[in-house]
Structure formats: structure tokens, C-alpha cells
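Colleague: let's see this in three dimensions:
(chains A and B)
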Amino acid sequence: MTGLLIAIVLFLLVLAIAQIIRIYELATKASKRDEYVVTNKDNNYQGRLMLLFGFGLLASFIWMVNTWSPLFLPKPSSLHGVEIDMLWDVSMGLIVVTFFIVQPILFFFAYKYRGKEGQKATYYEHNNKLEFIWTIVPAIVLAVLIVYGMTTWSNVWNPDNDEEPIVIELYAQQFKWIARYSGDDNTLGNANVRLIQGVNTVGVDTMDVASQDDIVVSELHLPVGKPIKFLFRSQDVIHSAYMPHFRAQMNCVPGAQTSFQFTPTITTEEIRTDPDVIQKVERINKIRLEAGKEFYEYDYLLLCNKVCGYAHYNMQMPLIVETQAEYAQWLSQQKTVKESI
Amino acid sequence: MAKKINEEVVSHDDHEHHVENFWTKYVFSMDHKMIGKQFLITGMLMGLLGVFMSMLFRLQLAWPNEKFVILESILGKWAPEGQMDPNIYLALVTIHGTIMVFFVLTAGLSGTFSNLLIPLQIGARDMASGFLNMLSYWFFAASSVVMVVSLFVETGPASGGWTVYPPLSALPQAMPGSGAGMTLWLVSMTLFIAGSLLGSLNYIVTIINLRTKGMSMDRLPLTIWAFFVTAILGVLSFPVLLSAALLLMFDRLLGTSFYLSDIMVAGELLHNEGGSPVLYEHLFWFLGHPEVYIILLPALGITSEVIATNSRKPIFGYRAMIGSILAIAFLSFIVWGHHMFITGMNPFLGSVFTFTTLLIAIPSAVKAFNYITTLWKGNIQFTPAMLFSIGLVSTFVAGGLTGIILGDSALDINVHDTYFVVAHFHIVMGLSAIFGMFAGVYHWFPKMYRRMMNKTMGYCHFWLTFISAYGVFFPMHFTGLAGLPRRYYSNAEFPMFDELQDINVIITMFAIFGGIAQLIFLFNFFYSMWRGPVAPKNPWRSNTLEWTTEVEHIHGNWKGEIPTVHRWPYDYSKPGHDDDFVPQSIPRLKNEPGH
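Modeller: Okay, the predicted model is just below:
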């Protein structure tokens, strides 16, 4: 019955639309004008809409920045992160300024030079001087950005550390992370997927001397103020270890080893007392309270950022930055490879 | 040479009368105009599918725990009780990307307008090889069919993202979508590439050899320059994707190890050793980046033409425009590594690719400024095509600027694969190209279907599309800067992202709104095709040669001789002429300046 009713309604709708079109066709025929010809009225109307849109675009940009910038990641929690954020601010500043210059000009010109019947446009085919200016100015600005960017990139990869970094392996598999600490010798033992067996979940070569003191855990603890060198491996497909608070990301590639180095500068405890973070947590907990979800405490994140299968969106590992004493204590409680196998 | 071929076509046309039946006229046509229309209709159908898919996964992102009965009726077992399955979410994202990038914006855009406009604008009777041209369409049609068929296989369509990185895409154990669906994806892409190569070769040969008398390279409309360079890009880069796809096929079906090494998946140890997925990434992006410009350049070419015609002014800096097309095309081959800054590639290469990538901003800036200067002191006629072209300039600037961030390796570290990237490439490539395509359809509809599209519906379509386009993609910058990765089925697992949900809802609303607005276009398109007012010969008072042809489509395009070209295509509002346009076929006045 409902189906029949819907069918009838649809039929009547189509009929109504067809009639409206028919009326419209007759009306345009009666007025004897070609509908497609752009009139002065159209140009005025569309020109004004262009101007209005230009204003709207800039206004909504400002609104979005005001409303949503508190959602951004908090200040970087790593040494090199500060440098990256500085480059970010400079680049972003430049492009926002350009955006605010170019877009208004575009929409203003569209409005200002809207057509009028009988008016003729200015024949202006080129101007070498002008074109030279807007080739050379972007070129200079970009040259600065390129040099600045390359310097920053090089600093990220070659940090001047006073001490040897702590070597930690992050091992990715569908859909979890495992960490392997290198132990007292700060050297990871050999490992390969072919050696995976029983409790040896990351395929450590138990015959290797270097692997005896390795520690395999499912939580990532980092000491504050110490350079850490991560080595990444993957067991199955490409994953990507993304630690947004530290401005750090590197793919985990099966069959290869990749690396990334950074020095955490803020402990989890400290970041929780950051005013921005406190506000953020308050907002989030308000939302969670309404949804009946449990209370949330701020934490650093390790996300997978390369699509890796159906649970890609939920590939987590706790990441805790703590004082060096806490870290040493935690590490001493974990079992080494020798003890566990 | 050119003259000879053209004469042959003429005589062929004069002496022999084809009796065209339905099949030779509409289906296996060798006429470039019909083939262009076939590309357009197929591209539009695929576009509908792609946009529809995006609406489905936006539904999931806005209301991740909500059950939608409609999802079950569409997706069947993939959405039990209306709750979308993570696997089909990834499949929808993957196929949406594949369809939009390749089927709509490569074949649908370049295929349509290269075919329609190259012979008409350079003054040729048809493409150099009508048969190859027909084949190119039918390869594309076959690949579309295979892609659509892949949606219906038991284990679901390909789901590893449109870049289909192995090992995920190589191992059926890794995800259901890497089974038969992935094989069909590769078959479809292989057919697609074959079709694309046939088309591109034909375009290049035609443009080089079949230009009419007087049509020197520096009198070509910018559309033709764009199609020409696009075709060269395609010929040089698509074969690399073909080899990447073939090697992937070998890894999947024959047990080779080009991309696979030391893998244990789903508890099973694989024998593969020595391969590297990073090799695939290099091969893929060697096509993947030029592909961006294969999509974008035709749109920019169309815009150049539409903006000049409707500003009633010459395009500003014609030679600089050609120069920047060439510069962009050249640079596009040496920047692919900016997709791979964090793949473990040598950091030194990161520096090199940062350098080359940021250089692209220079010719792009020149283009943007030249468009804007073309508007300056113009007499702008706001046809729907003109609106979309101005929209294109706006999105090209808005999206291009964030490229300066993403091309910088140090900055890319933290926004790579987040929604910031999704925002960037959708605005600069997706929106700009689709706007260019709409501009082309509105502008050349009278050439294709001999009737005019409705202006008022065109206006409505533009404004609704323009507003919702920015509404969808601008907020994504912000979720990206909050650290939200792309391709997440749900962000509910990480409480930190809870406060992004409002933005996700806004984006989805705009997406649905914008999707529905496309119905206006569809209606206008098909309605005008049959009932629109009959088009005059030169409705936009344009200079290029296609408007000197008859309104009725005839084989060979011109009755009698092909017009000779005496001037460049941008003599709008030229002093010394009464009209504000001077078609290319009008002989020069005595001592008339300009080229």
C-alpha cells in the first residue's frame, strides 16, 4: 500500500515538474528572447554575487580560524618540533597573506569589470615588465622558503646530540605495535620474521649476543630530555608510525628498516598541566559526558597513518614520556629476551 | 604532409556516401565529435558513481555509530543492519579515488575535450587516426565496465587506497579487498592505460601534423597547447604505471617478489625475499605526480579560453601561459618524491624533491596572475562557463598555496596523510579540474548537442556547487591540523579526536548538499540536449575555428574548404575593428599589428 502511494506521489511529482517546464518554455517563447544570452541584469547580479562570495570566503576563513584553531595540536613536545613549528608559522603566514591578497583581487575584478552592453574591453595582451615582476617575486620568496626548509629538514635528520641516542625498535603488524628496547648494550639484536615462533613474537635472533638484553614490551615509555633513535620494522604490510605531538612520522616497511630520531622535551604529566591542553580536555570530557563515555585523560598518541587493513583506524599503543628516573625504574621491571625465552 | 591528408579526407567525403546505421553512428563511431561525447557520457556516469560513494562514506564519518537502513539496502552484507563494515568503508574510499582521478578527471575531462576540440580548433577534418580514436574509447569503456564489475565480487572491490601500495594490495590474506577485486582493479587499469596511450598518441600526431594553413604553433588556442602537453605527459608517464601494475600482477599471481620481502601475514610466513614496496611507490608516483597535471592542465586550458572569450579581452601573456604550461610539465616529472618524504627514502633525496617541488609554484603563480590580469578592465560576460572558470582560479589559488606547505619535506612530516592533504589535493586538483570540466561542458555544449543549456539553472548549479565545495574541503584543513589521519573508518577510538565530530558533520552536510546540487546540472544537461533552444553558429562570439563550422554535425567538420588562419585566437576588443571579436579566419587588415 505504502509502495503504491509512493509511486503515485512520484508520478504526480514528475507530472508537476513537466508542467512547470512547459509553462516556462511557453513563457520564454512569448518573451521572444534567447534565454542563454547574458544580459546587463545578469552581469550585475552575478558580479555582485562574486563580490559577496569573496567577502563570505574571507569572513568564513576568519571564523573558522577563530573557532577551530583551539583544536590544533598543542605546542610540540620534541626538540626538533619547535624548529618545524617555526618554519610552519613562517610558511603559513606567507600563504595566508597571499590568500588574503589574491582572492579579494580576483572577486573584486569579477565584480568591477562586469560587462555592460556597448562597453568595450581594453585590448591588453601582455606586459613583459609586469610578468617579470610576478615571476621574480615568487621566485625570491620561494628561494627563501626552499633554503629555510632544507636547513630545517637537515637539522631534523642530523641533530647535534651530546650523547648517544637510546635505540628503540617499533615493530608494526596488523593491527598493533610492539616495542623492543635495546637494553644495556644499546644495540638491538638481529631479528627477522622467519624467526617468529611462540613467545618470540617479533622474530628476535636468540643466538645473537646483542639480543640477550633486548626488552620486548607492548607499551612505549620514553625518558624526557634524552635523544631517542627509533628503528622501524613491519611484519606484514606498510604501516606508518605517526606521533603528531612530537612532529614525528615514519613508514614501517616490510623487508626494510627505517629510522627517525627525536628528543622528547615534555613529560606526559607536564603536558597535562598545559593551559591549552587543560581546556581541550575539558571540552572533550563535556562531549564524552553527554555521550555517556568514560572520562578522558590527555595522552600522547601513536597512530598508524598508512592504510593497513580493516582495523587501521584502531591501531594503538600507549605512549608515555616520563622523567629519567621513572623511565629507568619502569625499564628495570621488564623482562629481557634472555629471561623470557 | 598536413595538406595532403586533409585533401584525402575531403575527396573521401565528396565521392563516397557512407550509409550510417545506428551502430556506426552512435556506438562504433570514428568521428571525433561523437567519440568526445561518448567519453563525456561515460565519464559523467562514472562521476555519479564516484560522488555517490563519497556521500556514503561521509555518512559513516559524520555519524560513525548510527545505523542507516538505507546503507543495508545499498551495500547488502557489507552493512549489516545499516552499520557500515570497515572493509567496505576502505573499498568505497579506494574506488571513489580511482574513479574520480582516472575515469572522470583523466578520461572524462581530457578524453572529452581533446577529442571534441583538437580537430575543430586546429582546423582538421578529424583525428589523424579515427580507428585508433575509436579503440581508445572502447578500451576506456571496457575498463569502466571491469571497474564496475569489481564492485560486485564476493570479497569486495580493491580497498588499499587508490594508490594500492603493496604488500597490502598484493596479499589477499591482508584484507578481503586484495582478492579478486584487486585483480579486476589491475585488469581495469591496464585496459585504461592502453586506451589512454592510444588517445594521447593520436592527439600528439594530430596537433603536429593536421593544423590548417596559417595555424602555426604560436597561433594555437591555449586549450590545444594544454591538450598537447597533457598528451605528452600521458605518453611518458602512463607506461611506468603499466609496468608497476604488471609487476604487481606478477607478485600476486605468479609468486614473484618484486615488491615483497620478509612477510608474515595472518600467521602465514611467505617465501618472498628481496623485493621492496618502496620500488612500487617510486614507479607509482612517477606516473602519479604527472597525473595531477594530466588532470589539471586541460582544465587550465579550457579556463584560458573561457576567461578570454568572456572577458572580451586577449588572454594576458599568451607566451608566458605557454611557457608556464611547459615548465609545469617538465617539473612534474622530477617531483614525485614529495609523496614519499617519510617512506624511508634517503633524507638527501627529500631535500632535492623539496627544491624541485617548490619551484612548481613559480609557473603556477604566473598562470594565476595572468588569469586575474585578463579580467582586469575586461567586459566580463557571466555565462555559467565563465563562473566556473573564475571558480577554478579561486580554488587553484586556495589549494595551490597549501602545496607550499606539503612540498616542504620538514613540514610534510607532521601533516603527511592527514586530512590536511585531503583538503589540499581535493581543492587544487579535484575542484579545479571538475570546475574546468563544467566550464567546458557549458561552453561547448552547443558544439556538442547543437542546442543551448539553460542559463538560470547553470547559475544555480554554479553557486550551490561553489559554496558546498569550499564547505566540504576548507574545514578539512583544520581536522588535519588537529592530527586526524585520512582513511580512518571512525575516529571514535581516539578520544582526542572527539571534538572534531562537529566539523565532520558540517563537512558531510555540505557534501550531501553539493551532491544533490549536481542533479540540477544533470537535468539541465539532458533536458537541453533535447529541448534546449537551437544554438546559433557562434553563441559566445568567440574567435576560435570550431565556431566557424556548421551547427549540424557533418563528417569532415567543414562544408567545402577548411578556413585559413590569419591571426592568433585572442583578438578580442582589438582596436581598429568594429566588433569586439575577430575570428581567426578573418584576414589581417593592412599594417595590422599583433600576431
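
Colleague: which stretches in the stretch 201-341 of chain A count as strands?
Modeller: A:215-217, A:220-223, A:228-234, A:239-243, A:248-252, A:258-262, A:303-304, A:319-322 (DSSP state E, counting those that start in this stretch).

Colleague: kindly reformat these as JSON lines containing mean neighbour count.
Modeller: Every residue, glycine included, has its C-beta placed from N, CA and C. Shown next, in JSON lines, are those (neighbours: other Cβ atoms under 10 Å in any protein chain shown):
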{"stretch": "strand A:215-217", "mean neighbour count": "20"}
{"stretch": "strand A:220-223", "mean neighbour count": "22"}
{"stretch": "strand A:228-234", "mean neighbour count": "22"}
{"stretch": "strand A:239-243", "mean neighbour count": "27"}
{"stretch": "strand A:248-252", "mean neighbour count": "26"}
{"stretch": "strand A:258-262", "mean neighbour count": "20"}
{"stretch": "strand A:303-304", "mean neighbour count": "29"}
{"stretch": "strand A:319-322", "mean neighbour count": "21"}
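
Colleague: list the buried residues for stretch A:57-70?
Modeller: Going by neighbour count (16 or more other Cβ atoms under 10 Å in any protein chain shown), the buried part of stretch A:57-70 is A:57, A:61, A:68.

Colleague: including distance to A:R180, could the strands of the stretch 201-341 of chain A go into JSON lines?
Modeller: JSON lines is the format used below for the strands of the stretch 201-341 of chain A (distance: least, Cβ to Cβ, whole Å):
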{"stretch": "strand A:215-217", "distance to A:R180": "5"}
{"stretch": "strand A:220-223", "distance to A:R180": "11"}
{"stretch": "strand A:228-234", "distance to A:R180": "9"}
{"stretch": "strand A:239-243", "distance to A:R180": "13"}
{"stretch": "strand A:248-252", "distance to A:R180": "13"}
{"stretch": "strand A:258-262", "distance to A:R180": "14"}
{"stretch": "strand A:303-304", "distance to A:R180": "18"}
{"stretch": "strand A:319-322", "distance to A:R180": "15"}
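
Colleague: shaky segments in chain B?
Modeller: B:1-19 (pLDDT under 70).

Colleague: residue of chain A closest to chain B, please.
Modeller: Taking Cβ to the nearest Cβ, chain B has its nearest neighbour within chain A at A:G255, 2.8 Å off.

Colleague: number of residues surrounding B:I334?
Modeller: 16 (other Cβ atoms under 10 Å in any protein chain shown).

Colleague: output the strands of the stretch 201-341 of chain A as JSON lines; include the columns distance to chain B and mean pLDDT.
Modeller: Conversion of these to JSON lines gives the following (distance: least, Cβ to the nearest Cβ, whole Å; pLDDT from 0 to 100):
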{"stretch": "strand A:215-217", "distance to chain B": "16", "mean pLDDT": "95"}
{"stretch": "strand A:220-223", "distance to chain B": "16", "mean pLDDT": "97"}
{"stretch": "strand A:228-234", "distance to chain B": "8", "mean pLDDT": "96"}
{"stretch": "strand A:239-243", "distance to chain B": "7", "mean pLDDT": "97"}
{"stretch": "strand A:248-252", "distance to chain B": "5", "mean pLDDT": "96"}
{"stretch": "strand A:258-262", "distance to chain B": "3", "mean pLDDT": "96"}
{"stretch": "strand A:303-304", "distance to chain B": "6", "mean pLDDT": "96"}
{"stretch": "strand A:319-322", "distance to chain B": "12", "mean pLDDT": "96"}
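
Colleague: the stretch 201-341 of chain A: helices as residue ranges?
Modeller: For the stretch 201-341 of chain A, helices defined by DSSP state H, counting those that start in this stretch occupy the ranges A:268-272, A:275-291, A:324-332, A:337-340.

Colleague: who are the neighbours in contact with the closest residue to A:I166 other than its chain neighbours?
Modeller: Spatial nearest neighbour of A:I166, excluding adjacent residues (Cβ to Cβ, 6 or more residues apart in numbering or on different chains): A:I228 at 5.2 Å. Going by Cβ atoms under 8 Å, 6 or more residues apart in numbering or on different chains, A:I228 touches A:165-166, A:168, A:222, A:261-264.

Colleague: domain boundaries for chain B, per the record?
Modeller: Per automatic domain parsing, the domain ranges recorded for chain B read B:33-275, B:302-533, B:539-595.

Colleague: quick check: the residue of the stretch 1-150 of chain B nearest chain A.
Modeller: B:P86 (4.1 Å).

Colleague: just give me the neighbour total for that residue.
Modeller: Neighbour tally, B:P86, other Cβ under 10 Å: 20.

Colleague: that one against B:Y489, yeah?
Modeller: Yes. B:P86 is within contact range of B:Y489, at 4.3 Å (criterion: Cβ atoms under 8 Å).

Colleague: the residue in the stretch 101-250 of chain B that chain A sits nearest to and B:F57, how far apart?
Modeller: Evaluated by Cβ to the nearest Cβ, the stretch 101-250 of chain B has B:L168 as its residue closest to chain A, separated by 4.1 Å. Distance of B:L168 to B:F57, given as Cβ to Cβ, to the nearest Å: 18 Å.

Colleague: these two - which one has more neighbours?
Modeller: Shown here are B:L168 and B:F57; by other Cβ under 10 Å, B:L168 has more neighbours (29 against 21).

Colleague: for that one, give me its contacts.
Modeller: Contacts of B:L168 (Cβ under 8 Å, 6+ apart): A:237-238, A:307-309, B:160, B:174-175, B:178.

Colleague: pipe the residues you listed into JSON lines and attach distance to B:I325 per row.
Modeller: JSON lines is the format used below for these (distance: Cβ to Cβ, whole Å):
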{"residue": "A:V237", "distance to B:I325": "39"}
{"residue": "A:I238", "distance to B:I325": "35"}
{"residue": "A:V307", "distance to B:I325": "34"}
{"residue": "A:C308", "distance to B:I325": "39"}
{"residue": "A:G309", "distance to B:I325": "41"}
{"residue": "B:G160", "distance to B:I325": "33"}
{"residue": "B:A174", "distance to B:I325": "41"}
{"residue": "B:M175", "distance to B:I325": "40"}
{"residue": "B:S178", "distance to B:I325": "39"}
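
Colleague: okay if I get those as JSON lines plus neighbour count and distance to A:L87?
Modeller: Listed next are these as JSON lines, based on neighbours: other Cβ atoms under 10 Å in any protein chain shown; distance: Cβ to Cβ, whole Å:
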{"residue": "A:V237", "neighbour count": "30", "distance to A:L87": "32"}
{"residue": "A:I238", "neighbour count": "26", "distance to A:L87": "27"}
{"residue": "A:V307", "neighbour count": "27", "distance to A:L87": "28"}
{"residue": "A:C308", "neighbour count": "30", "distance to A:L87": "30"}
{"residue": "A:G309", "neighbour count": "26", "distance to A:L87": "34"}
{"residue": "B:G160", "neighbour count": "30", "distance to A:L87": "32"}
{"residue": "B:A174", "neighbour count": "24", "distance to A:L87": "37"}
{"residue": "B:M175", "neighbour count": "31", "distance to A:L87": "37"}
{"residue": "B:S178", "neighbour count": "27", "distance to A:L87": "38"}
